[in-house]
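Colleague: predicted model and sequence below, questions to follow.
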Amino acid sequence: MVDVERLREIAREVISRDDVRQLIGYRQGTYGFRARPAFITSPEEVDQLIFSPACVNNLATYLTLEEKLPVPRGQEPDLRKVAVMVKGCDSRALVQQMEEKAYERERIVVLGIPCTGVVDMDKVEKRFPDVLSRGEITLEGDKFVLSFDGQREEVPKEELLADKCKRCRYPTPLVYDQLLDEAVERFADDDYSDVLELEKRSAEEKWAYWEEKFSRCIRCYSCRNVCPMCYCEDCVLDRLNPQWMRRSVDISENTAYHIARAYHLAGRCIQCGECQRVCPVEIPLMELNRKFYKDVEELYDYEPGTDAEAPPLLATFKVDDREDFIL
Ligand code: SF4
Ligand code: SF4
Ligand code: SF4
């Protein structure tokens, strides 16, 4: 587990550098056990920073948002670096973004967090629904320890651990300038048992399943906005001329949205799980993403976000590529 004092010491050094303008990390949220992103611009703010199993957000999303911000008229762009804290899964978003040339490696400073797992906040809130004051979560051995209102509760790690952590292949970041703790060995693997279960269903059963899920979608676009790989400057969903997808919330347009998004993320989704985490109506988006992820691994022996030098899977062409599917 990362030592917070060491984290702050390193962060202070980084934000004091002339070539760094901002450091993106975590700070405590305003209530309950939640942590939230912190945007640090001076050494005086560094004491806000924390790291705990409640630090679930993938901060890589903010790097591409930064790239999209317009420069106000009359001002020069600030080209100094942005520093960012990443866990193992989050670091894969950086690798994939760089593979796609979203920005240059030298534009960022990466503080890597070797990670032993984060909590699923829904599981925490179901178990402790009434904690409105600030509480803290730490990991001690194989237990999460929750401290709030002068109380201390211990819960076996397995019961609150996020599902993605139960199949984590890369707990230590794959890219970093500085690692904030000792590297963590892989402690889990992915057997795709959930996807295999879904694959057993007939086409009719699959359609009935997804029709029910998609009909609940309110098209808030939180899943798109939180996704580190959904960073097109001009998203097809927002276009009005031509309007590829209508704004109406109905099964037809909702289905079009989810199919477009799933295909756009094939070979790019790095399994951070943020889309499903933020969905207000609990649509199991990871089931779709993971089906594509499994297919890509089986068909192309490719795992997104693991090799910044590799060409993007579905954005390259070789003359000897299979093309028997072309009519
Ligand atoms: S998936 Fe791996 S790196 Fe990501 S939060 Fe879980 S244990 Fe940490
Ligand atoms: S976050 Fe959920 S409700 Fe919102 S657009 Fe995505 S799937 Fe639909
Ligand atoms: S689609 Fe979901 S799991 Fe995949 S990169 Fe985007 S937010 Fe993460």
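Modeller: Good, I have the coordinates. Ligands and ions are numbered 1, 2, ... in the order given.
Colleague: report pLDDT for Leu327.
Modeller: Turning to Leu327, the model gives it a pLDDT of 60.
Colleague: actually Asp301, sorry about that
Modeller: 92.
Colleague: please apply the same query to Pro72.
Modeller: Pro72 is assigned 84 on the pLDDT scale.
Colleague: repeat that for Ala308.
Modeller: Value for Ala308, per-residue pLDDT: 85.
Colleague: tell me, how many residues neighbour it?
Modeller: Counted by other C-beta atoms under 10 Å, the residues lying close to Ala308 total 15. Any C-beta I mention is one placed from the backbone N, CA and C, and that applies to glycine too.
Colleague: adjust the sequence numbering to begin at 535 for everything that follows.
Modeller: With 535 as the first residue, the last one maps to Ala842.
Colleague: identify the residues contacting Gly796.
Modeller: No Gly there; residue 796 is Ala. Counting by C-beta atoms under 8 Å, 6 or more residues apart in numbering, Ala796 touches Leu822, Asn823, Phe826.
Colleague: max-length strand in this structure?
Modeller: Within the chain, and with DSSP state E defining each element, the longest strand by residue count is strand 554-562.
Colleague: of the contacts of Ala796, grab the buried ones for PyMOL.
Modeller: What follows is the PyMOL syntax selecting those of those that are buried according to 16 or more other C-beta atoms under 10 Å:
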select buried, resi 822+823+826
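Colleague: output the contacts of Ala796 as TSV; include the columns pLDDT, secondary structure and distance to Phe682.
Modeller: As requested, the contacts of Ala796 are arranged in TSV below (pLDDT from 0 to 100; DSSP: H, G, I helix; E, B strand; the rest coil; distance: C-beta to C-beta, whole Å):
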residue	pLDDT	secondary structure	distance to Phe682
Leu822	95	helix	36
Asn823	96	helix	33
Phe826	95	helix	39
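Colleague: closest one to Ile804 out of the contacts of Ala796, please.
Modeller: If you rank the contacts of Ala796 by distance to Ile804 using C-beta to C-beta, Asn823 comes first, at 9.6 Å.
Colleague: from what I see, that closest one and Glu808 are in contact.
Modeller: No. No contact is recorded between Asn823 and Glu808 when judged using C-beta atoms under 8 Å, the distance being 10.6 Å.
Colleague: where along the stretch 535-684 of the chain do the strands fall?
Modeller: Chain-ordered strands for the stretch 535-684 of the chain, with DSSP state E, counting those that start in this stretch as the definition, fall at 554-562, 569-574, 615-620, 642-646, 670-674, 677-682.
Colleague: adding distance to ligand 1, write the contacts of Ala796 out as CSV.
Modeller: Formatted as CSV, these follow (distance: C-beta to the nearest ligand atom, whole Å):
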residue, distance to ligand 1
Leu822, 18
Asn823, 14
Phe826, 18
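Colleague: which of the contacts of Ala796 come close to ligand 3?
Modeller: Taking C-beta under 6 Å from any ligand atom, the overlap between the contacts of Ala796 and the neighbourhood of ligand 3 is Asn823.
Colleague: many thanks, we can stop here.
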